[in-house]
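Trainee: Predicted model, plus sequence, below.
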Amino acid sequence: MQAWKDYQSQNKDRFLDELMELLRIPSVSADSKYKADVARCAEAVKEHMLKAGCDKAEVCPTAGHPIVYGEKMIDPKLPTVLVYGHYDVQPADPLNLWHSGPFEPVIKDGKIYARGACDDKGQMFMHIKAVETMAKTNTLPCNVKIMIEGEEEVGSANLGKFLEDNKERLKADIVLVSDTSMISMETPSIESGLRGLAYMEVEVVGPNRDLHSGVYGGAVANPATILCQMIASMHDENNHITIPGFYDKVQELSDAERKAINSAPFNLDEYKKELGVQEIWGEKGYTTLERTGIRPTLEVNGIWGGYTGEGAKTVLPSKANAKISMRLVPNQVSQEIADLFEAHFKKIAPSYVTVKVSHHHGGEAVVTPTNSPAYMAAAKAIQTTFGKDPIPTRGGGSIPIVALFERTLGLKTVLLGFGLDNDNIHSPNEKYDVFNYYKGIETIPYFHKYFAETKQ
């Protein structure tokens, strides 16, 4: 619509400046030293909702970080879209690998570099600017509710209670989320599924103190060595996970379904070159697209023990630790997998060490229907602004709250993401293309328009 285009063109510089200001707030939910910054970011999001034209917006306290809720209600008889996003971000470590300050956003070669640029400040802010576009031009075709939380990066521990306590307030027809990616701006896509997650931490303890590696080495088991051996044993020679029962509920896809997944544009040589690897690695018998979309995995996310400072210290560490995540596929239950992991890890521990297993957080895999009115509205919106029909894909990441929305609110979700797989989310030098940011703001109003039309 011309009114949308004119408004966005007139305000595009401000839209970008406001995002840059939001990115300067270090809203790291995992680190308590940033608690005040997380709260400050929540207040900023609330103010942006109000300035965008929401009838009301508020910062809702939880037992952890707050949730920001706003709404623009046009007519209760019209359909309602519930927008979800998060304003918290991952820790920026390791800082020495950033080309610029993680909370000092810069634009280089048309890309915004900052922690949270793509995940998820840039993407959730598109929705606020899209609502502003419609509200300020008096063209909003449906009711919009916006819920932006501050704990997604630490497992959304308090979101479930918030949903239970606010079922009436959160009544809607569909949930709209932009926390996912596309194949490319030349090949637009919509993720129609996400993997689940089980996130664990393990500790292996040997002697009652750190020991001199010359005096005691070879006579006392080294917990760091034992931990590495235990982790290595969790994959066999075919890179198949060895935890008993791990695959019991994994549903194998048909040849036709696997063919459809592999029809998405993918160049293996470019993939390896972009990542700087000589060869790919993964479960035998599956392609890269299958390994990252429809197969479960087990990965070490962090491992430490002993002396890691500058120079040398010949020490046999008293203990070693690791953080391990497992990405899950439909039918696998995160708590069941976490229990299987714990039982297996304790079983394979040799008698000369003791082990501790902690469950952090988890969530279930989801598959969203590609023939629903909401999905088709999203596909039509992309076709309108990109000039191409989007390809349905399966995302390798996890958004545990998608399953929570369906279980608690009875709502399906549309994953209308505009990020790219190489946006370095959770890594140093996270980025988000300015083009993608503007393209999202351009496209989202069309979703509301087309979805509203399906309800007429």
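Mentor: Noted; the coordinates are in hand.
Trainee: doesn't G122 fall inside a strand?
Mentor: No - assigned with DSSP: H, G, I helix; E, B strand; the rest coil, G122 falls outside any strand and is helix.
Trainee: List the residue ranges of the stretch 201-350 of the chain that fall below the pLDDT cut-off.
Mentor: Low-confidence regions of the stretch 201-350 of the chain, defined here as pLDDT under 70, do not occur.
Trainee: got the residue ranges for the helices in the stretch 151-300 of the chain?
Mentor: 159-165, 223-232, 255-261, 268-275, 288-291 (DSSP state H, counting those that start in this stretch).
Trainee: any idea of the mean pLDDT for the first one?
Mentor: Just to be clear, that refers to helix 159-165. For helix 159-165, the per-residue pLDDT values average out at 97.
Trainee: same for that helix, what does it pack against?
Mentor: Contacts defined by 3 or more CB pairs under 8 Å, 6 or more residues apart in numbering; DSSP states H and E place helix 159-165 against helix 401-409. Backbone N, C-alpha and C define where each C-beta goes, glycine included.
Trainee: so G440 touches M126, yeah?
Mentor: Yes - here G440 reaches M126: they are 3.7 Å apart, a contact under CB atoms under 8 Å.
Trainee: Mind listing the shared neighbours of the two?
Mentor: When contacts are counted by CB atoms under 8 Å, 6 or more residues apart in numbering, the set common to G440 and M126 consists of S178, F418.
Trainee: Please say which of those two ends up with more neighbours.
Mentor: Using other CB atoms under 10 Å, the more surrounded residue of G440 and M126 is M126, with 27 against 24.
Trainee: Neighbours of Y286, how many?
Mentor: By the criterion of other CB under 10 Å, Y286 has 16 neighbours.
Trainee: How much space separates it from P428?
Mentor: Counting by CB to CB, to the nearest Å, the separation of Y286 from P428 is 29 Å.
Trainee: list the contacts for A379?
Mentor: When the contact criterion is CB under 8 Å, 6+ apart, the partners of A379 are I190, D389, P390.
Trainee: For the residue nearest to V220 when sequence neighbours are not counted, give me its contacts.
Mentor: Once its chain neighbours are removed from consideration, V220 has its nearest residue in P207; the separation is 5.5 Å (CB to CB, 6 or more residues apart in numbering). Each residue near P207 by CB under 8 Å, 6+ apart is listed here: Y216, V220, L316, S318.
Trainee: And these, which of them are buried?
Mentor: In those, burial by neighbour count holds for L316, S318, counting by 16 or more other CB atoms under 10 Å.
Trainee: Now the spatially closest residue to I174 that is not a sequence neighbour: which helix or strand?
Mentor: Closest residue to I174 apart from its sequence neighbours, by CB to CB, 6+ apart: A374 at 4.3 Å. If you go by DSSP states H and E, A374 is part of helix 373-386.
Trainee: What's the first helix or strand after that helix?
Mentor: Sequence-wise, the next helix or strand downstream of helix 373-386 (DSSP H and E) is strand 391-395.
Trainee: Other residues contacting that following strand?
Mentor: Counting contacts by CB under 8 Å, 6+ apart, the residues outside strand 391-395 that touch it are 180-181, 183, 187-195, 261, 263-264, 293-294, 370, 415.
Trainee: Need the buried ones from those residues selected in PyMOL.
Mentor: One line in PyMOL is enough to select the buried ones among the contacts of strand 391-395; burial here means 16+ other CB under 10 Å:
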select buried, resi 180+181+183+188+189+190+191+192+193+194+195+261+293+294+415
